[in-house]
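# okay, predicted coordinates and the sequence, questions at the end:
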Amino acid sequence: MLLCIDTGNTNTVFSIWNGERFLAHWRIATDHRRTADEYFVWLSTLIEGQKFVLDIDACIISSTAPRVVFNLRVLCSRYFDTRPLVVGKPDCLLPVSPRVDPGTVVGPDRLVNTVGAFDRHGPDLIVVDFGTATTFDVVDADGAYIGGVIAPGVNLSLEALHMGAASLPHVDVTMPAKVIGTNTVACIQSGIFWGYIGLVDGVVRQIRAERDRPMQVIATGGLAPLFDQGFDLFDAIEDDLTMHGLRLIHDYNKEMGNG
Ligand SMILES: Nc1ncnc2c1ncn2[C@@H]1O[C@H](COP(=O)(O)OP(=O)(O)OP(=O)(O)O)[C@@H](O)[C@H]1O
Ligand SMILES: CC(C)(CO)[C@@H](O)C(=O)NCCC(=O)O
Ligand SMILES: [K+]
């Protein structure tokens, strides 16, 4: 069984695979103080409700928070007796290398997204991920990550408004009935919702113009469905894109005799 771990700045998702078969996934808040023992107790408790026995013999990690990796490595070695592949480290091979400025450390989640999306949709893609940040990852004809766009995430923007403006409450993102809000909450919801619709639409348009070719837009992340309500922004929405990419990268390394 393969354990895939996707650590974002806000949440960490664990998923279990038996070959190509997905078995289960669980989500925990990202906290670099969490120890290997804590992860294991948590995993063991959750596995009790499942129909399979946890028998991990391989692990792969993508982490946008470097400090978390240490304890995840300890988890893999102590409890599963495996050395994990860590995306972005030199000993983790990618099917195609990213083409970016020398010295750039691309977020591993973005690299993984491009691998997952290229496998399912082929060349010339824009992958939009609504996580802590809203990212756009551009996939070239050969599947390479060739750059993109990083914007503040939806929940981060809402939090920033609340933190920075004494009279603005914390608001949950939702699609407002009207653009013109007639109360504070509705005004904020409108600003965020229509602001992000405009942001995604505008960025996608500019990327397409710069690339001067047809490109499909693939959306992932918890908030993707919210922004897909009748606006035709996306060609596909995939909630498991990062996990799919992680499994493919693991399989690729195995095929190449690595790890
Ligand atoms: N309508 C909604 N309003 C607010 N949050 C939502 C809504 N729908 C889903 N979410 C949140 O989206 C999150 C799932 O998003 P995702 O895993 O893509 O990114 P993240 O965990 O927020 O960020 P990161 O991956 O950077 O840590 C969950 O925490 C979920 O609570
Ligand atoms: C942009 C985020 C925060 C999105 O999770 C992550 O991919 C990251 O920390 N990236 C590093 C910089 C880069 O991707 O160019
Ligand atoms: K994510």
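It's in. Numbering: from 1, shown residues only. Ligands and ions are numbered 1, 2, ... in the order given.
# roughly how far does Gln216 sit from Leu46?
Taking Cβ to Cβ, to the nearest Å as the measure, Gln216 falls 35 Å from Leu46. C-beta coordinates here come from the backbone N, C-alpha and C atoms, glycine included.
# quick check, Gly221 in contact with Phe130.
Yes: using Cβ atoms under 8 Å, Gly221 and Phe130 qualify as a contacting pair, with a distance of 3.4 Å.
# who has more neighbours out of those two?
Neighbour totals were compared for Gly221 and Phe130, and Gly221 leads with 27 against 22 (other Cβ atoms under 10 Å).
# OK, contacts around the more buried one?
Gly221 sits next to Val128, Asp129, Phe130, Gly131, Asp239 when contact means Cβ atoms under 8 Å, 6 or more residues apart in numbering.
# go again using 6 Å as the cut-off
Gly221 sits next to Asp129, Phe130, Gly131 when contact means Cβ atoms under 6 Å, 6 or more residues apart in numbering.
# equivalent analysis for Met163, please.
For Met163, no residue counts as a contact, taking Cβ under 6 Å, 6+ apart as the criterion.
# that one should be in a strand, yeah?
No: secondary structure assignment (DSSP: H, G, I helix; E, B strand; the rest coil) places Met163 in helix, not in a strand.
# distance check, it against Gly191.
Using Cβ to Cβ, Met163 is found at 15 Å from Gly191.
# cool, and Asp172?
Counting by Cβ to Cβ - Asp172 and Gly191 are separated by 14 Å.
# the two: who's more crowded?
Each of Asp172 and Gly191 had its neighbours counted (other Cβ under 10 Å), and the higher figure belongs to Gly191 (17 against 10).
# so that one, which of the three states?
With three-state DSSP as the basis, the three-state label of Gly191 is helix.
# swap in Gly103?
Under three-state DSSP, the three-state class of Gly103 is coil.
# model confidence score at the closest residue to ligand 2 within the stretch 151-259 of the chain, please.
The minimum distance from the stretch 151-259 of the chain to ligand 2, using Cβ to the nearest ligand atom, falls at Gly153 (8.1 Å). What the model reports for Gly153 is a pLDDT of 98.
# wait, it sits on Thr135?
No: Gly153 sits out of contact with Thr135 when judged by Cβ atoms under 6 Å, with a separation of 8.8 Å.
# over to the closest residue to Leu125 other than its chain neighbours: give its phi and psi.
Of all residues not flanking Leu125 in the chain, Val139 sits nearest, at 4.0 Å (Cβ to Cβ, 6 or more residues apart in numbering). Comment: the main-chain dihedrals of Val139 come out as phi -110, psi 130, following degrees, to the nearest 10.
# per-residue pLDDT, the residue of the chain positioned farthest from its centre?
When each C-alpha in the chain is compared with the mean C-alpha position (Cα atoms, centre = their mean), Thr182 comes out farthest, at 34.8 Å. For Thr182, the model assigns a pLDDT of 97.
# how about Gly259?
pLDDT for Gly259: 72.
# which residues touch it?
Gly259 sits next to Leu85, Asn253 when contact means Cβ under 6 Å, 6+ apart.
# do stretch 169-179 and ligand 1 come into contact?
Yes: counting by Cβ under 6 Å from any ligand atom, ligand 1 has neighbours in stretch 169-179: Asp172, Val173.
# and that stretch, end to end?
Distance between the boundary residues of stretch 169-179 (Cα to Cα, to the nearest Å) amounts to 19 Å.
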